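Q: Any chance you can model this:
(2 chains)
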Number of protein chains: 2
Amino acid sequence: MESEQLFDRKGFYRNSYNSITSASSDEELLDGAGVIMDFHASEDDNLLDGDATSPGSNYIMSNGGGVVSSTTHLLDFLEEPIPGVGTYDDFHTIDWVREKCKDRERHRKINAKKKESAWEFTKSLYDAWSGWLVVTLTGLASGALAGLIDIAADWLNDIKEGICLNAMWFNHEQCCWGSNETTFAERDKCPQWKSWAGLILGQEEGPGSYIMNYFMYIYWALSFAFLAVLLVKVFAPYACGSGIPEIKTILSGFIIRGYLGKWTLLIKTVTLVLAVASGLSLGKEGPLVHVACCCGNIFSYLFPKYSKNEAKKREVLSAASAAGVSVAFGAPIGGVLFSLEEVSYYFPLKTLWRSFFAALVAAFVLRSINPFGNSRLVLFYVEYHTPWYLFELIPFILLGVFGGLWGAFFIKANIAWCRRRKSTRFGKYPVLEVIFVAAITAVVAFPNPYTRQNTSELIKELFTDCGPLESSQLCQYRSQMNGSKAFVDASPNKPAGPGVYAAMWQLCLALIFKIIMTIFTFGLKVPAGLFIPSMAIGAIAGRIVGIAVEQLAYYHHDWLVFREWCEVGTDCITPGLYAMVGAAACLGGVTRMTVSLVVIVFELTGGLEYIVPLMAAVMTSKWVGDAFGREGIYEAHIRLNGYPFLDAKEEFTHTTLAREVMRPQRSDPPLAVLTQDDLTVEELQGIINETSYNGFPVIVSKESQRLVGFALRRDITIAIENARRKQEGILLTSRVYFTQHAPTLPADSPRPLKLRSILDMSPFTVTDHTPMEIVVDIFRKLGLRQCLVTHNGRLLGIITKKDILRHMAQMANQDPDNIMFN
Amino acid sequence: MESEQLFDRKGFYRNSYNSITSASSDEELLDGAGVIMDFHASEDDNLLDGDATSPGSNYIMSNGGGVVSSTTHLLDFLEEPIPGVGTYDDFHTIDWVREKCKDRERHRKINAKKKESAWEFTKSLYDAWSGWLVVTLTGLASGALAGLIDIAADWLNDIKEGICLNAMWFNHEQCCWGSNETTFAERDKCPQWKSWAGLILGQEEGPGSYIMNYFMYIYWALSFAFLAVLLVKVFAPYACGSGIPEIKTILSGFIIRGYLGKWTLLIKTVTLVLAVASGLSLGKEGPLVHVACCCGNIFSYLFPKYSKNEAKKREVLSAASAAGVSVAFGAPIGGVLFSLEEVSYYFPLKTLWRSFFAALVAAFVLRSINPFGNSRLVLFYVEYHTPWYLFELIPFILLGVFGGLWGAFFIKANIAWCRRRKSTRFGKYPVLEVIFVAAITAVVAFPNPYTRQNTSELIKELFTDCGPLESSQLCQYRSQMNGSKAFVDASPNKPAGPGVYAAMWQLCLALIFKIIMTIFTFGLKVPAGLFIPSMAIGAIAGRIVGIAVEQLAYYHHDWLVFREWCEVGTDCITPGLYAMVGAAACLGGVTRMTVSLVVIVFELTGGLEYIVPLMAAVMTSKWVGDAFGREGIYEAHIRLNGYPFLDAKEEFTHTTLAREVMRPQRSDPPLAVLTQDDLTVEELQGIINETSYNGFPVIVSKESQRLVGFALRRDITIAIENARRKQEGILLTSRVYFTQHAPTLPADSPRPLKLRSILDMSPFTVTDHTPMEIVVDIFRKLGLRQCLVTHNGRLLGIITKKDILRHMAQMANQDPDNIMFN
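A: Below is the predicted model of the structure:
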């Protein structure tokens, strides 16, 4: 045990997983808490193979091994831990069980040492707190970056329309704060703010200046879009898209190097601002999750606990994604639930607490930055003052149906378009595509005020109830008392004025425009979130429905449903609430989130009052959407990209057995196996070079097919290379053995190579009769990479995560070769 | 396949698990989606045992079995499904994997049939919606019962002090609503409400009537307590306590028959009202979770999907516990998180949605009942209007430390007392004990107004900020302007008046009283929750600290910390907030909840503003408490009662291997195994009678020790009995076989008994070298009951859940014989 500790102090994290299994098979455990430990299972019991031993006897009789083990000690001591063993290649799947074992081993070592000295104790404290530290840092950084992005995007967005003369770095609203010449109703007009036409042509009104503004709008939109796509293409290709599909895949245990790196962070932050400002139909909420995860990943490098362990790193990333949603929507609890419901794979309770903490810290930082000047975390925070009535559930459920239909249609259309982009030469020109889409967006968007303005602001306007101070076109109702068009107290339901009718038409056009453009925008090579466009579409539809119901209630107040609740002169319909319900329904249809979505919207309004309408709409939307296809947009993109993602939400309902999925099937070449003590280095290298498998089962002998363990290709290659470099006498003819003791060899044979330290002696096995539903469950819950299949104790084959995914694709009549990675 | 379906239509749920495995081993699957299926692994390959077969060959060569299988078809058809197979005994652990397989099989059958007729389609729709239906019913019932309990407890509690003359069924507050003779400040005094002294002696004031009221108070308290304990003892012993430890255990997969039955529900509801009214130091929140779970269990009997499947039933119970907390605290989101963090074991996303829905429905029903007359779900809903300052984190963290210390102390003291009650003859007299505790509580509580009143009302008073309308003694500050004692606008910080000083003393006494009585009360044989007493203790401590800080800030406003934030004449300290933080900290110390607790309290205040103080206090409290022992009160009670509960939160950190935990160890008798085809019925019965194991591994032969499957004791007994009753020719000398085909027997031997249908052909196995941490992880995540241990393909031993719990107890230096059940 002494020698074991000595070498482990150098190769601290690398080999710890195997040292659990190998260490305790060599010698007595120090931990003598009353467990009977003094027996050894014979490691080379192929000698016993034909013997008729009773079940109890074959481990009691073989106690002689203890003598030999003291000599092998020396060998262990001479062997350096092999660098690189236990790490992963790019685009490979991690082994959760192994990673968690490594971490527990590390934890045990720190705990054992901490009483040795004050320094070790401090180190153990640092280790224990590093989890909280890293999520705090992540929360701080995410909040700060979100604030920065909000402010910058706001400013850049206003640049499209004009400039602040006395301070260029002010956006339109800030520019007019200082001005005291304007009334409250015209608070966004002030002499300091010059439109481009006003600056260049010297006049603010008239057709000439309209064309000038139009031209400048398109010019800036194209410039921003061009700059964004260029930066992404040149510096960080991973910065494009929303990033959530990839983060889901990464969290499920896949390695994509550089996806969460500092370059991606930097470029994504900059290009996100540019993309939002370019007026494309996209949002910053999804990418903010990616940005937060980049922060989490980067900070985790400060703590070896997280940087050296892929499973622990994913805990930080789960917390970071919660922080990302927290700042995107100002919803810390919703963020945690989003992380839990939508993106995370392995979510222990400790991660729940830390996610919550990270989300809170991020929200507080963002609130201190106060990017919207309303001391709220989001632009579209709302408060309603009227309750809802039971009959309103009908329009709410209709909005849910609309949301579900929109979601299903969007997913189908967007995936079809993205597949076309992938498969045809059309995808070769991403820069041109972005510029083209940006140009169309800008040209069509400018004339309509509802598409010209920032999408967040549009959502805010649609959510807001018409109050006495509201100057929006949407609130131009005719006053009831004298019939004249005027801005009056908006409380009771009133007939719509011409402003409202005009707004309705514009909103309908905006709805069609948004629906079409969003399909072509999501998937462009710029950072693009889907939350805001989806919400905008839902909010437009909801507001239209809301106003329609309101007018119905006004003109037909004698109808039974209205007579019951809507007395004349009282306010019973809140169109803003309809907009909110519609937004939630559409977002739900696209992403298929439910609880987290309801909680996010609940945190926007801060009242339990509206949970039932939201719940009804979101649930309807999910059910309607699921009727057309169970995948949300993120799962659909994961499948499109062929990532090895085993969705925890999808039930495996087929009756296939493990032996129908395992390799080799009848037509395949036989399983590539290693025998435990009769291969030479050359034979081993031959097997490795001839095959492309990631690992090989090790068996007692070809005759008995009894399983000993599993060795990874990467580990074997590294170990052989290392041995040939460092250990003398290792030749191509050297015998390789995975057993505890070297096999007896002729006297002139070269020094044998012991590879037991890289052997996983506890591989997961299932029998060939195990239903695949159980196998899938095991893979999901334990995070396995592969599993061996046995029949009556004999090795039959192997099932990998990829095999399962291919099988599931086959069962769903999809192309199984779609699954690309290992 | 036809015949298979035919018999399955009768024995619908019972045998489905095995029929997956056996069905597809007999014949080709209908589901021919491209999988190569036409090979059979040889079932009786002990013929091959010594052969030198290459890895690929041993399943390709044995295709002859297909001919025989068509004859065995007939046998399968003759065999009735065996009733009782697949059910569980009382106090046994369920097999989650098996239950989930059963459910998926059921689901598949319904899906396959639903296109047959409109009736089947309706049935499939009913099945699909039954999950939502059952949680809706559960939510409705929980909300209604909670409202009933609230109203009844309130009324009965006031009976202790007096009676409403014009309407006996009114409580004190309702009695005085109608009266217009009282002012707002004296709104709880009205002529209709008579104290007992007023009624009996005819006078309300004076020492005589004080003694009379004192006497009547004690009389009623004792009567309620006596009635409660009597009802529990006679009708439903399971109705006592909070029920949360048992619900945690049940949700983790343990069977306690009757624990969630209708008698328990009825008696718990009635006695809960009595126990709360008796003035004992207990709350109704924990028992409400039990009540909700009873509702969930009872409603699940309406739906075969849930009543016949223990795993599915637990999904309903998870949702019900969320509904319980939702109505207990008026916190639907907190309820879901409580269910997730604290009680649930298996929590798929679908359950998350349904829990949320159940919690919402329950909350809405309760709000419609409006038991507190404030259109809130709880009595102690609060709104604060002042922010908190950074320096206040110091007292908040101190409150956290207090909460942690209190939690640790309470757990130690209460467990010690409960252990004494269990082990000495003292526990033989539960009725006397309850009466004794109730008497002491009543005698000591009456003189102090803060202990006399209902604990919920006390918490409300402590939480509430002093506003201009507050008439409480706690708000008798001296006015600043003229120095005279008066009730003035309470906004700025003011010096405390004599009322506040008196209240401080009374609160200190109340704190000591509550601390002592709660220790002795929790564990009595009456329904008793811990949430409210813990919160009361924390609220008292918090209010005391709050007033102290407030007075410090008033008298020492020149101190640096106060100068910075508290200008003279402004209100900077809210003592009510301190009470709330203290309550959360104490509850956190006792239960070790974190996020769910913060969310529950957050839903009480409805503002993100105070999450940071709460988080700081709750986290501190958890850390301080954990330093003295990692168990919360519920886990401690589970351990005290010896339930087989494998806590998901506790990390297994030892380095033991599977072979050190498995049975048999060296000193044990050899493992009881069955061979697949050479036992007689008599030998089999002999093995079953000689041992007490719950199941037996089935192996190919004693020589090879190669594992075939696992058969449960209960299933074997039922199957043999069934066969001897129904099948002719089954004698004691009949051969029992688990193989696909009957072994070749001498001509005169009796008819053999085929038991393949009860054989689990996919038992879970691990190698003897598997670290126990992985084994524990597998047990937790998959919900296993047992796992077989192999070494190089040979069966070595078995590990059950009980073995793991015993091993964990051993490692923690606890008595391993404490784990009682299987």
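Q: In the stretch 101-250 of chain A, which residue sits nearest chain B?
A: In the stretch 101-250 of chain A, the residue that lies nearest chain B is A:R104 (5.6 Å; Cβ to the nearest Cβ). In this view, the C-beta of every residue, glycine as well, is placed from N, C-alpha and C.
Q: Run through the stretch 251-400 of chain A and note the low-pLDDT ranges.
A: Scanning the stretch 251-400 of chain A for pLDDT under 70 picks out the ranges A:374-377.
Q: Assign A:L795 to helix, strand or coil.
A: Put simply, A:L795 is strand when judged by DSSP: H, G, I helix; E, B strand; the rest coil.
Q: I'd say it and A:L788 touch.
A: Yes: the pair A:L795 / A:L788 is scored as a contact, 6.2 Å apart, by Cβ atoms under 8 Å.
Q: Name the residue in those two with the higher neighbour count.
A: Neighbours were counted for A:L795 and for A:L788 using other Cβ atoms under 10 Å in any protein chain shown; A:L795 has more, 25 against 21.
Q: Find the residues that touch each one of A:L795 and A:L788.
A: A:697, A:707 (Cβ atoms under 8 Å, 6 or more residues apart in numbering or on different chains).
Q: SS state for A:P697?
A: Once three-state DSSP is applied, A:P697 turns out strand.
Q: Neighbours of it, how many?
A: Residues lying near A:P697 (other Cβ under 10 Å) number 26.
Q: can you pull up the bridge partners for it?
A: For A:P697, the beta-bridge partners are A:F710 (DSSP bridges).
Q: Now do the contacts for it.
A: A:671, A:673-674, A:707, A:709-710, A:763, A:788, A:795, A:798.
Q: which of those are the two that sit furthest away from each other?
A: A:L671 and A:G709 (14.7 Å; Cβ to Cβ).
Q: now the contacts of A:P697 as CSV including pLDDT and distance to A:N722?
A: Below are those laid out as CSV (pLDDT from 0 to 100; distance: Cβ to Cβ, whole Å):
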residue, pLDDT, distance to A:N722
A:L671, 87, 27
A:V673, 90, 23
A:L674, 91, 18
A:L707, 90, 26
A:G709, 91, 19
A:F710, 92, 20
A:P763, 90, 23
A:L788, 93, 26
A:L795, 91, 28
A:I798, 92, 26
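Q: In strands, which of these fall?
A: In strands, defined here by DSSP state E, the members of the contacts of A:P697 are A:674, A:707, A:709-710, A:788, A:795, A:798.
Q: Among those, pick out the one closest to A:M811, please.
A: Distances from A:M811 to the ones in strands among the contacts of A:P697, taken by Cβ to Cβ, are shortest for A:I798, at 19.5 Å.
Q: I'd like the distance between the closest one and chain B.
A: 11 Å (Cβ to the nearest Cβ, to the nearest Å).
Q: hang on, isn't that residue packed against A:T790?
A: No: with contact defined as Cβ under 8 Å, A:I798 does not reach A:T790; the gap is 10.5 Å.
Q: Any regions of the stretch 551-700 of chain A where pLDDT drops low?
A: For the stretch 551-700 of chain A, the ranges with pLDDT under 70 are A:565-570, A:606-608.
Q: Tell me the residues of it that contact chain B?
A: A:594-595, A:598-599, A:602-603, A:606-608, A:611-612, A:615, A:619, A:648-649, A:651, A:653-661, A:664-671, A:673, A:700 (Cβ under 8 Å from any Cβ of the partner chain).
Q: Buried subset of the residues you listed as a PyMOL selection?
A: Of these, the buried ones go into a single PyMOL selection, burial set by 16 or more other Cβ atoms under 10 Å in any protein chain shown:
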select buried, chain A and resi 594+595+598+599+602+603+608+611+612+615+619+654+655+656+657+658+659+660+661+664+671+673+700
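Q: can I see the domain layout of chain A?
A: Following automatic domain parsing, one finds the domains of chain A at A:2-94, A:136-369, A:390-641, A:658-818.
Q: starting at the chain centroid, how far to the helix or strand containing A:A585?
A: Using DSSP states H and E, A:A585 sits within helix A:575-591. Its chain's C-alpha centre and that of helix A:575-591 lie 22 Å apart, by Cα atoms, centre = their mean, to the nearest Å.
Q: same deal with stretch A:161-172?
A: 37 Å.
Q: thinking again about what came up before, quick one: name whatever helix or strand follows the helix holding A:A585.
A: Heading C-terminal from helix A:575-591 (DSSP H and E), you reach helix A:595-605.
Q: what's the angle from that following helix to helix A:575-591?
A: 150 degrees (axes from the mean of the first three to the mean of the last three Cα atoms, to 10 degrees).
Q: Who are the packing partners of helix A:595-605?
A: Packing contacts for helix A:595-605, counted by 3 or more Cβ pairs under 8 Å, 6 or more residues apart in numbering or on different chains; DSSP states H and E, involve helix A:310-329, helix A:332-338, helix A:575-591, helix A:611-628, helix B:332-338, helix B:349-369.
Q: List buried residues within the ones in strands among the contacts of A:P697.
A: Here, 16+ other Cβ under 10 Å leaves A:674, A:707, A:709-710, A:788, A:795, A:798 buried among the ones in strands among the contacts of A:P697.
Q: okay if I get the residues you listed as TSV plus distance to B:Y554?
A: Below are those laid out as TSV (distance: Cβ to Cβ, whole Å):
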residue	distance to B:Y554
A:L674	80
A:L707	76
A:G709	73
A:F710	71
A:L788	73
A:L795	79
A:I798	75
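Q: Closest one of the residues you listed to chain B?
A: Nearest member of these to chain B, counting by Cβ to the nearest Cβ, is A:L707, at 5.6 Å.
Q: returning to that earlier point: excluding covalently adjacent residues, which one is nearest to the residue of the stretch 101-250 of chain A closest to chain B?
A: Leaving aside its sequence neighbours, A:R104 sits nearest to B:E773 (Cβ to Cβ, 6 or more residues apart in numbering or on different chains; 5.6 Å).
Q: Then A:P613?
A: Here the residue nearest A:P613, using Cβ to Cβ, 6+ apart, is A:F396, at 4.6 Å.
Q: Let me know the next secondary structure element after the helix or strand that neighbour falls within.
A: Element membership for A:F396 (DSSP H and E) is helix A:393-423. Next helix or strand after helix A:393-423 toward the C-terminus (DSSP H and E): helix A:430-445.
Q: Just the C-alpha atoms of that following helix, please, in PDB.
A: Taking Å, rounded to 0.1, in the frame of the first residue of the first chain, the C-alpha atoms of helix A:430-445 are listed here in PDB:
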ATOM      1  CA  PRO A 430     -22.400  30.300 -45.700                       C
ATOM      2  CA  VAL A 431     -21.300  34.000 -45.900                       C
ATOM      3  CA  LEU A 432     -23.400  34.600 -49.000                       C
ATOM      4  CA  GLU A 433     -26.300  32.800 -47.500                       C
ATOM      5  CA  VAL A 434     -26.200  35.000 -44.400                       C
ATOM      6  CA  ILE A 435     -25.900  38.200 -46.400                       C
ATOM      7  CA  PHE A 436     -28.800  37.100 -48.600                       C
ATOM      8  CA  VAL A 437     -31.100  36.300 -45.700                       C
ATOM      9  CA  ALA A 438     -30.100  39.500 -43.900                       C
ATOM     10  CA  ALA A 439     -30.800  41.500 -47.000                       C
ATOM     11  CA  ILE A 440     -34.300  40.000 -47.400                       C
ATOM     12  CA  THR A 441     -35.000  40.500 -43.800                       C
ATOM     13  CA  ALA A 442     -33.900  44.100 -43.800                       C
ATOM     14  CA  VAL A 443     -35.800  45.000 -47.000                       C
ATOM     15  CA  VAL A 444     -39.000  43.400 -45.800                       C
ATOM     16  CA  ALA A 445     -38.800  44.400 -42.200                       C
END
